[in-house]
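Prediction below, plus the sequence it came from.
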Amino acid sequence: MSNNRPPIEQQVTFLHARDLAETAVFYEHILGMKLVLDQGSCRIYASGGDAYLGFCQTLGAHMDTPPTTNHIVLTLVTPDVDGWHDYLVGQGVPIEKPPTLNEKFNIYQCFVRDPNGYLVELQTFLDPAWPGRR
């Protein structure tokens, strides 16, 4: 490995938002993510550490139609999947899949959909080898 490699200090995942205002309500008020930068047609949220989620009304002039959401999963790692499930139910968020042990991957998870149709997974890694596992 070369020591001349420039650093990568942060990570941002940008996704299309059908309705930026509705997206803002879900990520800011329901999930409680901090808005770190409002660029007008794009909003960027801190998702943990130096990772960020950005939602844009349009992702560029080359896109005539929004991307499909079928193969995208936003995974938010939490020590309290059950607590998130109960909170989201209380907020009126429909649950796609209630908290479940996934033995194959040694995780505990539940799923909801955001206003754009993206699948959002709330997950706890049960494997003690996962970095950051408490």
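Arrived safely, thanks for sending.

does Ser47 count as helix, strand or coil?
At Ser47, secondary structure determined by DSSP: H, G, I helix; E, B strand; the rest coil is strand.

ok, it - contacts?
Contacts were defined as CB atoms under 8 Å, 6 or more residues apart in numbering; by that measure Ser47 touches 33, 53, 76. Where you see a C-beta, it was placed from the backbone N, CA and C, and this is true even at glycine.

My read is that the last one contacts Leu122, right?
Yes - using CB atoms under 8 Å as the test, Leu76 is close enough to Leu122 to be in contact (5.5 Å).

These two: who's more crowded?
More crowded of Leu76 and Leu122, by other CB atoms under 10 Å: Leu122, with 24 against 16.

Quickly list what the more buried one is bridged to.
On the basis of DSSP bridges, Leu122 takes part in beta bridges with Leu76, Cys110.

so how far is Cys110 from it?
5 Å (CB to CB, to the nearest Å).

Do a quick rundown of the strands in the chain.
11-16, 34-38, 42-48, 51-56, 73-77, 95-102, 107-113, 119-125 (DSSP state E).

And these: which comes nearest Leu88?
strand 107-113 (5.8 Å; CB to CB).

so what secondary structure elements neighbour the closest one?
If contacts are counted by 3 or more CB pairs under 8 Å, 6 or more residues apart in numbering; DSSP states H and E, strand 107-113 sits against helix 81-90, strand 95-102, strand 119-125.

And the ones you listed: which comes nearest Pro131?
Among the helices and strands packed on strand 107-113, strand 119-125 comes nearest to Pro131, with 9.0 Å by CB to CB.
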